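Colleague: Predicted model follows, preceded by the sequence.
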Number of protein chains: 2
Amino acid sequence: MWRVGTDSPDVPVDLGAIDPRSTPGLPGRKVTGDDPKLWARSEVERIGAELATQQEMLFAQAAVEPQLGRTVLLVLQAMDCGGKDGAIKRVAGSMDPLGLRITAFGPPTPDELRHDFLWRIRKALPPTGYVGVFNRSHYEDVLVVRVNGLAPESVWRPRYKKINDFERRLAGAGTTVVKVMLHISRDEQRDRLMQRLINPDKHWKFNPADLDARGRWDDYQAAYAEALARCASDEAPWYVLPADRKWYRDWALAHLLRETFADLKLSYPQPDYDVTAQRHRLETDG
Amino acid sequence: MWRVGTDSPDVPVDLGAIDPRSTPGLPGRKVTGDDPKLWARSEVERIGAELATQQEMLFAQAAVEPQLGRTVLLVLQAMDCGGKDGAIKRVAGSMDPLGLRITAFGPPTPDELRHDFLWRIRKALPPTGYVGVFNRSHYEDVLVVRVNGLAPESVWRPRYKKINDFERRLAGAGTTVVKVMLHISRDEQRDRLMQRLINPDKHWKFNPADLDARGRWDDYQAAYAEALARCASDEAPWYVLPADRKWYRDWALAHLLRETFADLKLSYPQPDYDVTAQRHRLETDG
C-alpha cells in the first residue's frame, strides 16, 4: 500500500512506478508460510472480526454521546473491474450491516446535475457512528468529467480545491476520511472484462461503455495521477492499493481499516445511567 | 412462523396463544438430527448463500431494466431485546452489503415531527433492486405513540388505514413487503436486559426507558395485536415469529426470505448488448 505524499501536490503521482501485482506491506514467508494467498484469506477473516468490534464501539459511542461521536468514511475509486465491489463485500461485509452506510455513485441524475457536484455527496454522508463507504465518489467529477469532457477545464479544475476544503471540513467535524484507489493493470482489466463476457451470470456487470473508458486508459491514469497528488492531505489521505491480486487487495484494505480504527482509540462508552439501580429495578419488577 | 390471517381485521391477533419458545415449521429430528440448534445454524449459513445469489439477481435485473426491477422490503418490529439487530446481522449479513439498505427508525426528530408520519418512511424506501430492511418502522406510530399517549386516538387510529393504503401502493409499484414481529416472552426480555446490565460491553445497548416500556408490556401486546390484525394484507403480510430461541429466529427468518425470493422467480437478466461483438472488440483492443 502506498500512501500518497502531501508535500508536492503539483507533481502527479507516478502510477506507472507502482506495480499492480506487487504486495507492499505483506509479511514475508516466515509469517505467511508457503501460501501467502491462503494466509491472507484467513487474516481477512480474523481482521474482519476485529473490525466488527471496532465498528460496534464506534456505533456505541455515538449512541451514548452523539456530540462526541466519530465517523469513518472510506472512499473507493478504481478503473472498471478494479475490484471495488469485491473489496466492499469481503471487507465491509465483515462488519455489522446495521452500522454500515454504503453508497454507490453512478452518473448524476438530471436533478443532481442541477446542483453543485458535492450536493449528492453531502446527502450521502454517513451519520455519526457509522462506517460509510463510497463506491465511486466526488472524485468522478475530476475523473470521468475531465476525461470525457463533460465539463470544461474551467469547471473541473477548481474542484480540486473545493474537494480539499470539503474533506477538511468533514475531518474537522469528526469524520475520519480514508481514500483508496484500487490500482489494476490494463491486462488484468481485460481478463476481468472477458470474464463478464464469458459467464452469463456476469453479463449484467458489463457495459459497452466500459470499453470506451478502457480506450482512454492513459487519460484516466493521468486524471487519477493529478487528483491523487492534488487531493492527498493529512486530514484525508489517499492510498494507492495494488489490486491485481484480489487476496492481497482484501488483506491490504482490511489492514488499512484496522489501522484507521486503531488511531481512533475506541472503547465501549461508560453508561449514562446508574447500572446498579437499574439492575435492582429489573430484578424487582417480576 | 405464523402468518397473520387477513379475514378478520377487527379481531386482534391472540399473541398469548403463540408460544415464544415454539419452533413452528422446523423439520423433525429425522432431518435435523439430535441437535436442532446446530442444524439450524448450519442451515442459516447455507440459506444465506442462496439469499446472496437471489439478491444479486434482484440487483442485476434492476440494473439492466430499471422499469421492470423489483424490490424487497423487510419490516422488523419487536419489543426491546426482541432480537431485531441480531436477526439482521445474521440473516441480512449473509447478503452483499452493496445491495442492502438498512434503516433504523428511532424517535422522530423535530423535523420529522413536522411532517406526516410516513414522510421519513418514504424517504428511506430502498431503491429498485435493493433489499431494504426497516429496523422498527411506521408501525411505531401505532405502537409507542398509542401506548405512551404521544398522540390522541383520533390521530393514531386512522393510521391503520393510511398504512394499508401506503403498503398497497408500495406493493403495486413492485416492492415485495414482508413484515415480521419477533415475538419474545416477558421472561426472555428480562434475561436479555439483565445481560446488558451485567456485561460492560453491552451497557450502551441499555436505556432506562426500556424498563418503562417493559412496565407497559400488556399495553404493547394489545397494540401489537391490533396492528397485526388491522394491517395484515395479502400485499403486505404480517408474520409472528417466535423469537425466544435465537437459533430458531434466524433460521425462520432466513427460511421466510428464501420463500419470498422464490416467489419472485428471479434470474440473471439477458444482456442488452451483443455479447459476441463486445468480446471481439475486447479481444482486438490489445
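Modeller: Good, I have the coordinates. Numbering: from 1, shown residues only, chains lettered A, B, ... in the order given.
Colleague: Close to chain B: what parts of the stretch 1-150 of chain A are there?
Modeller: The stretch 1-150 of chain A comes close to chain B at residues A:60-61, A:63-64, A:85, A:88-89, A:92-93, A:96-98, A:100, A:102, A:104, A:133, A:135, as judged by C-beta under 8 Å from any C-beta of the partner chain. Any C-beta I mention is one placed from the backbone N, CA and C, and that applies to glycine too.
Colleague: Those residues in helices, which ones?
Modeller: A:60, A:61, A:63, A:64, A:85, A:88, A:89 (DSSP state H).
Colleague: Just send these back as TSV, with distance to residue B:189, neighbour count and pLDDT too.
Modeller: Shown next, in TSV, are these (distance: C-beta to C-beta, whole Å; neighbours: other C-beta atoms under 10 Å in any protein chain shown; pLDDT from 0 to 100):
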residue	distance to residue B:189	neighbour count	pLDDT
A:60	21	22	96
A:61	26	21	95
A:63	20	16	91
A:64	22	20	91
A:85	40	17	95
A:88	36	21	95
A:89	35	18	92
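Colleague: ok, those residues vs chain B, which is closest?
Modeller: For those, the residue nearest chain B by C-beta to the nearest C-beta is residue A:60; the value is 4.0 Å.
Colleague: Tell me which residues touch that closest one, please.
Modeller: Residues near residue A:60 by C-beta atoms under 8 Å, 6 or more residues apart in numbering or on different chains: A:129, A:268, A:269, B:204, B:205.
Colleague: Inside helices: which ones of those?
Modeller: In helices, defined here by DSSP H, there are no members of those.
Colleague: Run through the strands of the stretch 51-200 of chain A in chain order.
Modeller: For the stretch 51-200 of chain A, strands defined by DSSP state E, counting those that start in this stretch occupy the ranges A:71-78, A:100-104, A:131-135, A:175-183.
Colleague: what's the most distant pair in the ones in helices among the residues of the stretch 1-150 of chain A next to chain B?
Modeller: A:64 and A:85 (33.7 Å; C-beta to C-beta).
Colleague: hey, where'd the helices end up in the stretch 151-286 of chain A?
Modeller: Taking DSSP state H, counting those that start in this stretch as the test, the helices found in the stretch 151-286 of chain A are A:153-156, A:159-172, A:186-198, A:208-215, A:217-230, A:246-264, A:275-283.
Colleague: circling back to that earlier point, dump the strands of the stretch 51-200 of chain A to TSV, plus mean neighbour count and mean pLDDT.
Modeller: Converted to TSV, the strands of the stretch 51-200 of chain A look like this (neighbours: other C-beta atoms under 10 Å in any protein chain shown; pLDDT from 0 to 100):
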stretch	mean neighbour count	mean pLDDT
strand A:71-78	23	98
strand A:100-104	20	94
strand A:131-135	23	97
strand A:175-183	23	98
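Colleague: Out of the ones you listed, which is closest to residue A:30?
Modeller: Among the strands of the stretch 51-200 of chain A, strand A:175-183 sits nearest to residue A:30 (C-beta to C-beta), with 26.9 Å.
Colleague: CA atoms only for that closest one, dumped as PDB, please.
Modeller: C-alpha atoms of strand A:175-183 as PDB (Å, rounded to 0.1, in the frame of the first residue of the first chain):
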ATOM      1  CA  THR A 175     -15.100  12.100  10.300                       C
ATOM      2  CA  THR A 176     -12.000  10.000   9.500                       C
ATOM      3  CA  VAL A 177     -11.700  10.000   5.800                       C
ATOM      4  CA  VAL A 178      -9.700   7.300   4.100                       C
ATOM      5  CA  LYS A 179      -9.400   7.300   0.300                       C
ATOM      6  CA  VAL A 180      -8.200   4.300  -1.600                       C
ATOM      7  CA  MET A 181      -7.500   3.900  -5.300                       C
ATOM      8  CA  LEU A 182      -7.600   0.200  -6.300                       C
ATOM      9  CA  HIS A 183      -4.800   0.100  -8.800                       C
END
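Colleague: List the strands paired with that strand, with their directions.
Modeller: Applying DSSP bridges to the sheet, strand A:175-183 is found paired with strand A:71-78 (parallel), strand A:238-242 (parallel).
Colleague: Take these and lay them out in a markdown table including distance to residue A:43.
Modeller: A markdown table is the format used below for the strands paired with strand A:175-183 (distance: least, C-beta to C-beta, whole Å):
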| stretch | distance to residue A:43 |
| --- | --- |
| strand A:71-78 | 19 |
| strand A:238-242 | 16 |
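Colleague: out of those strands, nearest to residue B:227?
Modeller: Residue B:227 sits nearest to strand A:71-78 of all those, at 34.6 Å, using C-beta to C-beta.
Colleague: Next, the angle from the closest one to helix A:159-172.
Modeller: Strand A:71-78 and helix A:159-172 are oriented at 150 degrees to each other (axes from the mean of the first three to the mean of the last three C-alpha atoms, to 10 degrees).
Colleague: Contacts for strand A:71-78 next, please.
Modeller: The contact list for strand A:71-78, computed with C-beta under 8 Å, 6+ apart, reads A:58, A:62, A:84, A:87-88, A:92, A:125-137, A:139-140, A:143, A:170, A:174-184, A:224, A:243, A:257, A:260-261, A:264.
Colleague: rewinding a little: for the strands of the stretch 51-200 of chain A, give me a markdown table that also has distance to residue B:8.
Modeller: Below are those laid out as a markdown table (distance: least, C-beta to C-beta, whole Å):
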| stretch | distance to residue B:8 |
| --- | --- |
| strand A:71-78 | 48 |
| strand A:100-104 | 41 |
| strand A:131-135 | 45 |
| strand A:175-183 | 51 |
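Colleague: Compare those and give me the one nearest residue A:51.
Modeller: Nearest to residue A:51, of all the strands of the stretch 51-200 of chain A, is strand A:131-135, at 8.5 Å by C-beta to C-beta.
Colleague: what helices or strands is that closest one leaning on?
Modeller: Strand A:131-135 is packed against strand A:71-78, helix A:84-91, strand A:100-104, with contacts defined by 3 or more C-beta pairs under 8 Å, 6 or more residues apart in numbering or on different chains; DSSP states H and E.
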